[in-house]
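S.K.: only the shape, not the letters, is given here:
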């Protein structure tokens, strides 16, 4: 998978991955080095193996655990884009490792590799040329839209959304001004107190204006992730679909629910409560996803449920996304 930007949201995925991934049989099973290439991307939907290498760019090695992440090493890519890092084995923390590259003002990340796993395919960090735009982009789509719903113990609903917005195949588009919105969508009617979840797109490029959430800054061919929460009164919501959407994934934690526009996929247990997951595919503008809770799940640690459910949703659906960050230094 191609994975993402630090830190809190990625740490949530780390926690879920640690719960679901089997422990290595012994310490020597863990990889001792990360060998990869920086390549010029040829499109999010195309194979990159054997792509043109990008030389003389700085490559950073990030180490991520449940407590956060840090850059632990750096190097410069070779003539063919190649790089190599030594990995420290840690059977207790079992960290995630991933490489990051800054290219034409944008930071790109490679796949997240668990310290107890080996890469299933060549490790590559794809970078793209950038194009400055002065108007909202028309050729964007939603790869996966996660909607995580939990009952608020004081009444109403807590909702978290994680949306993967996918850019053009051959370039990263960058907003020409800080006020330009490249992409936006409506918040459900009656939503209140929307807040950004750190770890996807930086908070300063996500705006809540007039009942909508707007994305500025930039969008890559592999995508950028918006993540935010809001509250709702009552026990139901309708999520409007305004853009072509490959898949919607609804996760209802701590309660039974009726869901329209998506089919039940699985039921599991996290934080001592049942979590139900629903999927809808190939949604078009004008469709809606309806969610109505059928029973009360109050009096639980709802944030434990929210984070567990988000982690489950990301593992189940967004494994192919690469989160990027625009370089500010």
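M.R.: Received it, and whenever you're ready, just let me know what you need. As the structure is a prediction and not an experimental result, all values here were calculated from the model.
S.K.: downstream of the helix or strand containing residue 100, the next helix or strand is which one?
M.R.: Assigned by DSSP states H and E, residue 100 belongs to strand 96-103. The helix or strand immediately downstream of strand 96-103 is strand 106-109, counting by DSSP H and E.
S.K.: could you say what helices and strands that next one packs with?
M.R.: If you count contacts as 3 or more C-beta pairs under 8 Å, 6 or more residues apart in numbering; DSSP states H and E, strand 106-109 packs onto strand 96-103, strand 123-127, strand 325-326. Placement of C-beta: from N, CA and C, glycine included.
S.K.: just to revisit the earlier point, in its sheet, what does the strand holding residue 100 sit against?
M.R.: Strand 96-103 sits in its sheet next to strand 58-65 (antiparallel), strand 106-109 (antiparallel), strand 113-114 (antiparallel), going by DSSP bridges.
S.K.: ok, and for stretch 232-240, which residues are buried?
M.R.: 232, 235-237, 239 (16 or more other C-beta atoms under 10 Å).
S.K.: closest one to residue 97 out of those, please.
M.R.: residue 239 (35.0 Å; C-beta to C-beta).
S.K.: show the contacting residues for the closest residue to residue 219 other than its chain neighbours.
M.R.: Distances taken as C-beta to C-beta, 6 or more residues apart in numbering put residue 167 closest to residue 219, at 3.8 Å, once the chain neighbours are dropped. Residue 167 sits next to 44, 137, 139-140, 173, 219-224 when contact means C-beta atoms under 8 Å, 6 or more residues apart in numbering.
S.K.: who's in contact with residue 192?
M.R.: Per C-beta under 8 Å, 6+ apart, neighbours of residue 192: 230-233.
S.K.: can you put the helices and strands packed on strand 106-109 in CSV and add mean pLDDT, mean neighbour count and distance to residue 60?
M.R.: Listed next are the helices and strands packed on strand 106-109 as CSV, based on pLDDT from 0 to 100; neighbours: other C-beta atoms under 10 Å; distance: least, C-beta to C-beta, whole Å:
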stretch, mean pLDDT, mean neighbour count, distance to residue 60
strand 96-103, 89, 23, 5
strand 123-127, 90, 23, 10
strand 325-326, 45, 20, 12
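S.K.: export those strands as CSV, with columns for distance to residue 149.
M.R.: Output for these, formatted as CSV (distance: least, C-beta to C-beta, whole Å):
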stretch, distance to residue 149
strand 96-103, 27
strand 123-127, 34
strand 325-326, 28
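S.K.: which of these sits closest to residue 72?
M.R.: Smallest distance to residue 72 across the helices and strands packed on strand 106-109 (C-beta to C-beta): 8.4 Å, for strand 96-103.
S.K.: and which of the buried residues of stretch 232-240 is nearest to residue 55?
M.R.: Ranked by distance to residue 55 (C-beta to C-beta), the buried residues of stretch 232-240 are led by residue 239 at 45.0 Å.
S.K.: please work out the average pLDDT along the strand or helix carrying that closest one.
M.R.: Secondary structure assignment for residue 239, by DSSP H and E: strand 236-240. Averaged over strand 236-240, pLDDT sits at 93.
S.K.: mind listing what that strand pairs with, with the direction of each?
M.R.: By DSSP bridges, strand 236-240 pairs with strand 288-293 (antiparallel).
S.K.: pLDDT on the partner strand, on average?
M.R.: The predicted model gives strand 288-293 an average pLDDT of 93.
S.K.: buried residues in it?
M.R.: 289, 291-293.
S.K.: if we can go back for a sec, got the contacts of residue 167 as JSON lines, with neighbour count, pLDDT and secondary structure columns?
M.R.: Formatted as JSON lines, these follow (neighbours: other C-beta atoms under 10 Å; pLDDT from 0 to 100; DSSP: H, G, I helix; E, B strand; the rest coil):
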{"residue": "44", "neighbour count": "22", "pLDDT": "43", "secondary structure": "coil"}
{"residue": "137", "neighbour count": "18", "pLDDT": "79", "secondary structure": "coil"}
{"residue": "139", "neighbour count": "10", "pLDDT": "78", "secondary structure": "coil"}
{"residue": "140", "neighbour count": "19", "pLDDT": "88", "secondary structure": "coil"}
{"residue": "173", "neighbour count": "22", "pLDDT": "88", "secondary structure": "strand"}
{"residue": "219", "neighbour count": "26", "pLDDT": "87", "secondary structure": "strand"}
{"residue": "220", "neighbour count": "26", "pLDDT": "85", "secondary structure": "coil"}
{"residue": "221", "neighbour count": "22", "pLDDT": "85", "secondary structure": "coil"}
{"residue": "222", "neighbour count": "26", "pLDDT": "80", "secondary structure": "coil"}
{"residue": "223", "neighbour count": "25", "pLDDT": "82", "secondary structure": "coil"}
{"residue": "224", "neighbour count": "30", "pLDDT": "83", "secondary structure": "strand"}
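S.K.: including pLDDT, could the contacts of residue 192 go into a markdown table?
M.R.: Conversion of the contacts of residue 192 to a markdown table gives the following (pLDDT from 0 to 100):
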| residue | pLDDT |
| --- | --- |
| 230 | 94 |
| 231 | 93 |
| 232 | 93 |
| 233 | 93 |
